[in-house]
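J.: Give me coordinates for this.
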Amino acid sequence: NSFKWNRVNGLLEASYFGTAYLNFLGIQTTYALIAALFVFVEPMAAGSGIPEVKCFLNGIDLPRVVRVKTLLCKVLGVSFSVASGLPCGKEGPMVHSGAVVASGISQGRTKFWGVDTSFSKFSDFRNDREKRDFVACGAAAGVCSAFGAPIGGVLFSLEEGASYWSTKLTWRAFFCAMITLVTLYTLKNLDSWWGQANIEKLFSFGEFNSLSGEASNFSIWELLLFIIVGCLGGLIGACFNAANEHLTIWRMTRVNHSKTRRVVEVLVVSMVVTTVSFILPLLWWRCTDLPNDIMDWMTNQEKNLVEALVPYQCERNVQYNEVASLIFTDADVAIKQLFHFREAGQDDLATFSSAALFIFFLPYITMATFVYGVGVPSGLFVPSLLSGAAFGRLCGHLLHKLDHDSGTFADSGTYALMGAAAVLGGMARMTISLTVILLEATGDMQYVLPLMLTLMAARFTGNVFNEGLYDIHIQLRKIPFLEAEVPSLAEHHEIVAGQVMSTDVKCLRPVERAGVVHDLLRSCSHGTFPIVDTSSGGTLYGTASRSTLCTLLQRRAFGQPEALLDEHGTGSLGPRRLSPLVQWDAIEKVYPRYPTIEDVDMAPGDRSCWLDLRPYANTAPYTVNETASIQRTYRLFRTLGLRHLCVVNHNNQVVGIITRKDLMPESLAASLLRGRNAHLHEVHTLT
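T.: Okay, here's the model as predicted:
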């Protein structure tokens, strides 16, 4: 970024506008191309990654979400996408990156390197439950590293991430965020040699101070104005989400199916964004004098921000271009300028005029609408905060214009903070975690109530029109994501588990022929199979996972055809059990890359051998009665993070099975047409 800005600004000062534009276009397009190539290598690195992390923590195993290859492409790609000048941020990808790092630490092995690390000796962590908890902690660490907000990171994982939360997970996430903050403290204060920390470096949005001694920066009656700003931000967020939804649908049908088209789209979007960014400051013909006359009472933070103002056709160290100062600088610097430049009345200096803020706000948020979803690693936080800060400061400036008595309304920086929270809350619909994140990023507790009211108003207003942007993208990809609340259809109709379950159940006996198991795995893609005791009328004995069955077949963990026959030679199975031919530790050692049925080479002579599933079965699976309400079934399924749920009758006989897709609103609507007792007339398929 420094290379880009120094080169372009130097050419502009020399009045070489054509050369400056071509350099600006070439540098930014090259950076965007490099970012797109990383997504070309690993498509999962595109976007912010927060929807994918939410799905993973919801119990959906998306491919390659937490791979090391995804991490490398994400980290390197977002560096170039942010440097390319596209309206995107690094915060969302940092959440995804933290989740990948945490997942890798819990597993202790990676296919990317080809060898196990020393962490692999901690086998207790190598299962789906622990992996999900580690990913939740990694997401908290990502938020902490992005904003310097450890408590906000923990709450983010709780509010937006994990479907199941426990006390153990709370202190794990807290400990992880604490270590992340210690690392940030160390890196940011290396120049002080572990002396007193620089306050300005501790807060992502700079240091906020009271402008009037011990009094707050706003009046109590202005809380109503903050609520109005929140409602307007929610409306802006709803418009952003609706426009981006239509763009994403178009991309899914016309662009995303081809990697080459995604790269071409990135180049076209980058050229358009670069051209608009270069032209907007040219349209702003006015040069504004630097506030040198009030430098004496400015803080060091404000003096540094004044030095960051961009001349752009104006006299250096004397004047600056208001629009260029928001575009030709890093996004975090522009956000701090909107937050911290003082403006409390008509007589005070207006660093950014209403017209300049409007000229910046409208094109910037429009470009952000087009950029979110293209084939580069990109986040939503920074464009939302920057456009929202411009909108909030515009509101504050207009209020000061209406006020002829200086000081009636709060400082425009306060309104900029409320606007940033409103627009981000209107897009993402976060409340609890975003309030704490913004508080920790500002370091000023006087904004607790204004932020709470603003974010709640933005959420309520946005929910009138559509859902949050992350939820919209999850739905567009048709991922069976289970929301926290039971679908409204189930609340208004009496639906039982027997209506929504699938009655075509593939079952196995406790001791089964190896050929039968092999054929069953070949014929279907189910992840788990109920084990029923046919000698007692088909009662549920337990369940066996597909990975376990494939491992047993690959290791030939079965006995000869006569191994389990009774001693009288009647041909029936005897009570004697085969000892486990494969230890459970050996089965779990290859997690999560279990063998597939394609890896199993079944010899003709092995098909008649007996496979004793009793030592490997989960004899206490979660079950639900067929007469249980769908509300209870839904909460049990989501809270425990299940992938399947066996449905039994009063005799503990398996009558069906419920998967995630059976609990989606579309499936629940179809179950109403079948009726409450339709499953009683269907034939159950037992293998």
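
J.: So, low pLDDT: which residues of the stretch 51-200 of the chain?
T.: The model of the stretch 51-200 of the chain has pLDDT under 70 over residues 108-124, 192-200.

J.: For it, just list every one of the helices.
T.: With DSSP state H, counting those that start in this stretch as the definition, the stretch 51-200 of the chain shows helices at residue ranges 68-83, 91-107, 128-147, 150-156, 167-188, 199-202.

J.: just checking, what packs against the longest one?
T.: With contacts taken as 3 or more Cβ pairs under 8 Å, 6 or more residues apart in numbering; DSSP states H and E, helix 167-188 sits against helix 128-147, helix 150-156, helix 199-202. (Each C-beta comes from the backbone N, C-alpha and C, glycine too.)

J.: what do you get if the cut-off is 6 Å, keeping everything else the same?
T.: helix 128-147, helix 150-156 (3 or more Cβ pairs under 6 Å, 6 or more residues apart in numbering; DSSP states H and E).

J.: If you drop the residues flanking it in sequence, what lies closest to residue 354?
T.: residue 397 (5.0 Å; Cβ to Cβ, 6 or more residues apart in numbering).

J.: so which strand or helix has the one you found?
T.: helix 381-402 (DSSP states H and E).

J.: Just the mean pLDDT for that helix, thanks.
T.: Average pLDDT, helix 381-402: 91.

J.: What's the first helix or strand after that helix?
T.: helix 412-428.

J.: helices or strands up against that next one?
T.: Under the contact rule (3+ Cβ pairs under 6 Å, 6+ apart), helix 412-428 is packed against helix 223-254, helix 331-340, helix 381-402, helix 448-465.

J.: Mean pLDDT per element in this structure, and the minimum belongs to which helix or strand?
T.: helix 199-202 (a mean of 61; mean pLDDT, DSSP states H and E).

J.: Are we agreed that residue 666 is in a helix?
T.: Yes: the assignment for residue 666 is a helix, going by DSSP: H, G, I helix; E, B strand; the rest coil.

J.: hmm, back to that, can you tell me how far the residue nearest to residue 354 is from residue 237?
T.: 21 Å (Cβ to Cβ, to the nearest Å).

J.: Also residue 486?
T.: On the measure of Cβ to Cβ, residue 486 and residue 237 end up 26 Å apart.

J.: the more surrounded of the two?
T.: Neighbour totals were compared for residue 486 and residue 237, and residue 237 leads with 29 against 19 (other Cβ atoms under 10 Å).

J.: Spit out the contact partners of that one.
T.: Residues counted as contacts of residue 237 (Cβ atoms under 6 Å, 6 or more residues apart in numbering) are 423, 426, 427, 462.

J.: pLDDT wise, what is the closest residue to the last one other than its chain neighbours at?
T.: Translated: residue 462. Nearest in space to residue 462, with sequence neighbours left out and distances taken as Cβ to Cβ, 6+ apart, is residue 234 at 4.0 Å. Residue 234 is assigned a pLDDT of 97 by the prediction.

J.: quick one, what contacts residue 234?
T.: Residue 234 neighbours (Cβ under 6 Å, 6+ apart): 426, 458, 461, 462.

J.: nearest to residue 354, of the helices and strands packed on helix 167-188?
T.: helix 128-147 (29.2 Å; Cβ to Cβ).

J.: Find the residue ranges of the stretch 401-550 of the chain scoring beneath the pLDDT cut-off.
T.: Using pLDDT under 70, the flagged stretches of the stretch 401-550 of the chain are 404-407.

J.: In which helix or strand does residue 207 reside?
T.: Using DSSP H and E, no helix or strand contains residue 207.

J.: Does residue 42 touch residue 72 like I think?
T.: No: between residue 42 and residue 72 there is no contact under Cβ atoms under 6 Å: 8.1 Å.

J.: Out of the helices and strands packed on helix 167-188, which is closest to residue 453?
T.: It is, among these and with distance given as Cβ to Cβ, helix 150-156, at 18.0 Å.

J.: Dump that closest one to PDB, keeping only the CA atoms.
T.: C-alpha atoms of helix 150-156 as PDB (Å, rounded to 0.1, in the frame of the first residue of the first chain):
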ATOM      1  CA  PRO A 150     -11.100 -10.600  23.400                       C
ATOM      2  CA  ILE A 151     -14.500 -10.500  25.200                       C
ATOM      3  CA  GLY A 152     -16.200  -9.500  21.900                       C
ATOM      4  CA  GLY A 153     -14.500 -12.500  20.200                       C
ATOM      5  CA  VAL A 154     -15.900 -14.900  22.800                       C
ATOM      6  CA  LEU A 155     -19.400 -13.400  22.400                       C
ATOM      7  CA  PHE A 156     -19.100 -13.500  18.600                       C
END
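
J.: Now do the residue nearest to residue 163 when sequence neighbours are not counted against residue 177, distance only.
T.: Closest residue to residue 163 apart from its sequence neighbours, by Cβ to Cβ, 6+ apart: residue 58 at 5.0 Å. Going from residue 58 to residue 177 by Cβ to Cβ gives 21 Å.

J.: Give me the more crowded residue out of those two.
T.: residue 177 (26 against 22).

J.: nearest residue to the more buried one other than its sequence neighbours?
T.: residue 150 (3.6 Å).

J.: show me the contacts for the one you found.
T.: 144, 177, 181.

J.: Please name the residues that touch the second one.
T.: Spelled out, that is residue 177. With Cβ under 6 Å, 6+ apart, residue 177 has these contacts: 140, 141, 144, 150, 153, 154.

J.: can you do 10 Å?
T.: Listed by Cβ atoms under 10 Å, 6 or more residues apart in numbering, the contact partners of residue 177 are 98, 137, 140-145, 149-154, 156-157.

J.: how near is it to residue 9?
T.: From residue 177 to residue 9 the distance is 38 Å (Cβ to Cβ).

J.: ditto for the first one
T.: With the distance defined as Cβ to Cβ, residue 144 ends up 34 Å from residue 9.

J.: And the last one, by the same measure?
T.: Here the criterion is Cβ to Cβ. By it, residue 181 lies 35 Å from residue 9.

J.: Mind checking which of these two has more residues around it?
T.: residue 181 (20 against 17).

J.: Mind telling me what element residue 516 is part of?
T.: If you go by DSSP H and E, residue 516 is part of helix 514-523.

J.: what does that helix rub up against?
T.: Under Cβ under 10 Å, 6+ apart, the answer for helix 514-523 is 506-509, 512-513, 526, 529, 544, 546, 549-550, 552-553, 556-559, 561, 596-598, 600, 602-604, 606-611, 613, 687.

J.: Could you confirm residue 650 falls within a helix?
T.: No: Residue 650: not assigned to a helix; according to three-state DSSP it is coil.
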